[in-house]
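Q: sharing a model that was predicted from the sequence below.
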Amino acid sequence: MRIKRNPLGFSERGVLLMEPVAEIIEEVRRGGDAAVLEFIERFDHAELAPDQLRVDANELEASIGVLEPDVLAGLRTAIANVKAVAKAQVRHDRVTVELPQGHSVEILERPVRRAGIYVPGGRAPYPSTVVMGAIPARVAGVEQIAVCAPPGAGGRAHPVILAACVLCEVTEVYRMGGAQAIAALGFGTETVEAVDVIVGPGNRYVQEAKRQLAGRVGIDGIAGPSELTVIASSGADPELIALDLLAQAEHGADSPVHCISPESVLLDGVGAAIERLAPKRPTVSNAEARLVDVADIAEALSCAEEIAPEHLELVGTEAEALADRVRNAGCLFVGAAAATAFGDYVAGSNHVLPTGGAARFQSALSPATFRRRMARVSLPGEAPARLAPAGAALARAEGFPVHAESMERRA
């Protein structure tokens with residue numbers, strides 16, 4: 001890991017792959033399964049027969065048996081905690097507002113019928129992403145959940161991904177990844193039924209495909225490189241901070257990591273710890289750790305709010321006291337013990353979070369991602385007569401006299 005002192009700097013999104021992704025989407029829209037299989041062969045170097053696109057039930061059930069006991073226990077813990085937090089977020093299905101004109105407006109909240117969960121491939125399988133996507137969808141009341149992940153060597157679906165699906169009660173799983181998988185979920189093919197919402201992290205091709213299909217389907221957001229910002233004050237352990245920054249750098253060299261502090265000596269200690277620990281940890285990428293001196297803890301918070309990071313840690317008594325003032329963060333971790341890694345796996349919070357500054361306006365993946373609201377209006381008795389004069393006046397002011405007539409005829 002490289003260390004840069006002081007300049008804050010902000011990550012820039014990668015160049016959008018508009019044209020190549022648009023071509024992939026159009027090929028899948030027109031060609032269906034055949035196009036998906038062709039792209040799997042081209043990009044994943046795996047040849048699949050048409051009937052192998054969807055993982056069969058026998059292969060799904062067999063996957064549980066190959067899991068190491070500690071991995072199985074870890075998945076069960078993650079599922080239980082994510083489910084508990086997700087259940088706490090589900091609102092009432094119906095709220096009725098009684099209004100003074102004698103009518104009511106009911107706000108109904110309903111789940112989407114069908115959701116797609118994208119699970120990245122890359123250097124390793126990500127069963128935790130199955131949990132983070134499928135459990136909130138299930139808690140939200142989604143009837144049908146489809147999971148897709150890129151196939152590995154020989155076209156095999158990774159057994160730990162399949163096992164996570166079984167534990168999350170997902171029976172519809174596809175061996176496909178990349179922009180072609182997003183297109184298949186968005187438009188449907190002979191094998192894949194189109195979904196209403198697509199969620200999950202993925203590479204630039206996946207995110208660009210989600211961007212292009214937004215509006216046709218719901219999406220959770222456009223995810224960039226994973227991020228961590230630490231605000232540290234006196235009393236923080238520089239080695240633990242360094243370890244958290246190094247852990248975040250396992251996501252890739254483009255993962256922005258910052259430590260912001262008014263304590264220059266503490267930043268020196270973090271830098272020294274990074275230099276000591278990094279060479280012994282080969283999974284850590286050559287990401288750049290930015291160690292930023294600020295005048296005081298208030299300036300540290302101001303800097304972090306401008307970054308609006310995916311993950312924000314507050315470490316040290318003075319830093320931890322900022323917790324109630326934080327507005328812009330995907331997920332907030334308070335105290336030396338609350339490592340970001342717990343949130344990635346087993347704390348119960350969701351690890352599908354806004355990146356690239358989107359934490360200013362976007363929330364973590366949750367049951368709300370899979371639910372929609374609609375109003376139901378009833379106008380009994382004298383309510384139309386009481387409302388019509390106000391409504392008709394507004395309608396005529398906007399140049400819509402028939403709207404006015406429609407209301408007045410009910411009076």
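A: Okay, I see it. Numbers count the residues shown, from 1 in each chain.

Q: going forward, measure contacts between C-alpha atoms and count neighbours the same way
A: Will do.

Q: where do the helices sit along the stretch 301-411 of the chain?
A: Listed in chain order, the helices of the stretch 301-411 of the chain (DSSP state H, counting those that start in this stretch) span residues 317-320, 340-345, 383-397, 401-408.

Q: neighbouring contacts of the second one?
A: Spelled out, that is helix 340-345. Applying Cα atoms under 8 Å, 6 or more residues apart in numbering, the contact partners of helix 340-345 are Ala78, Ser128, Asp244, Ala247, His311, Glu313, Phe333, Ser349, Asn350, His351.

Q: could you count how many residues lie near the fourth one?
A: By the other Cα atoms under 10 Å criterion, the neighbourhood of Ala247 contains 19 residues.

Q: so the closest residue in space to it that isn't next to it in sequence: helix, strand or coil?
A: Closest residue in space to Ala247, ignoring its immediate chain neighbours: Val284 at 7.0 Å, by Cα to Cα, 6 or more residues apart in numbering. At Val284 the chain is in coil, as set by DSSP: H, G, I helix; E, B strand; the rest coil.

Q: can you list phi and psi of Val284 for me?
A: Reported as degrees, to the nearest 10, the phi and psi values for Val284 are phi -80, psi 130.

Q: isn't it right next to Leu246, touching?
A: Yes: contact status for Val284 versus Leu246: in contact at 6.1 Å, counting by Cα atoms under 8 Å.

Q: looking at those two, which one has more neighbours?
A: Remark: of Val284 and Leu246, Leu246 carries more neighbours, 24 against 20, as counted by other Cα under 10 Å.

Q: so Cys148 lies in a strand, does it not?
A: Yes: looking at Cys148 with three-state DSSP, it is inside a strand.

Q: quick check, it in contact with Gly121.
A: No: Cys148 lies out of contact with Gly121 (Cα under 8 Å); the separation is 10.0 Å.

Q: ranges for the helices of the stretch 151-300 of the chain?
A: The residue ranges that make up the helices of the stretch 151-300 of the chain, judged by DSSP H, counting those that start in this stretch, are 159-167, 178-187, 204-213, 238-249, 264-277, 297-307.

Q: and the ones you listed, which is most packed in?
A: The highest mean neighbour count among the helices of the stretch 151-300 of the chain belongs to helix 178-187 (a mean of 27), with neighbours defined as mean count of other Cα atoms under 10 Å.

Q: off-centre distance for it?
A: Between the mean C-alpha point of helix 178-187 and the mean C-alpha point of its chain there is a distance of 17 Å (Cα atoms, centre = their mean, to the nearest Å).

Q: what angle sits between it and helix 204-213?
A: 30 degrees (axes from the mean of the first three to the mean of the last three Cα atoms, to 10 degrees).

Q: what helices or strands is helix 178-187 leaning on?
A: helix 18-31, helix 33-39, strand 197-199, helix 204-213 (3 or more Cα pairs under 8 Å, 6 or more residues apart in numbering; DSSP states H and E).

Q: tell me which strands and helices the second one is in contact with?
A: With contacts defined as 3+ Cα pairs under 8 Å, 6+ apart, helix 33-39 has these neighbours: helix 18-31, helix 178-187.

Q: among the helices of the stretch 151-300 of the chain, which is nearest Val112?
A: Comparing those by their distance to Val112 (Cα to Cα), the top pick is helix 178-187, with 14.1 Å.

Q: show me the contact partners of that closest one.
A: Residues outside helix 178-187 that contact it (Cα under 8 Å, 6+ apart) are 21, 24-25, 28-29, 32, 36, 39, 116, 118, 148, 150, 192-196, 198, 202-203, 205-210, 213, 216-217.

Q: where do the helices sit along the stretch 1-150 of the chain?
A: Counting by DSSP H, counting those that start in this stretch, one finds helices in the stretch 1-150 of the chain at the ranges 18-31, 33-39, 57-63, 69-89, 127-140.

Q: among those helices, which is nearest Ala232?
A: Going through the helices of the stretch 1-150 of the chain one by one, with Cα to Cα as the measure, helix 69-89 comes closest at 27.6 Å.

Q: in the stretch 1-150 of the chain, which ranges drop under the pLDDT threshold?
A: When residues are selected by pLDDT under 70, those of the stretch 1-150 of the chain lie in 7-16, 122.

Q: if we go to 90?
A: 1-17, 91-93, 121-124 (pLDDT under 90).

Q: for stretch 333-352, give the mean pLDDT please.
A: Along stretch 333-352, the predicted local confidence has a mean pLDDT of 98.

Q: buried set for that stretch?
A: Of the residues in stretch 333-352, those scored as buried under the neighbour-count criterion (16 or more other Cα atoms under 10 Å) are 333-336, 339-340, 343-352.

Q: point out the most buried one among the helices and strands packed on helix 178-187.
A: Sort the helices and strands packed on helix 178-187 by mean neighbour count, taking mean count of other Cα under 10 Å, and strand 197-199 sits at the top with a mean of 26.

Q: now do it: which elements does it pack against?
A: Under the contact rule (3+ Cα pairs under 8 Å, 6+ apart), strand 197-199 is packed against strand 114-118, helix 178-187, strand 218-219.

Q: list of residues touching it?
A: With Cα under 8 Å, 6+ apart as the contact definition, strand 197-199 has outside contacts at 112, 114-118, 133, 182, 185-186, 210, 217-221, 370.

Q: run the last query once more with 6 Å
A: Contacts to strand 197-199, defined as Cα atoms under 6 Å, 6 or more residues apart in numbering, come from residues Ala115, Gly116, Ile117, Val217, Gly218, Ile219, Asp220.
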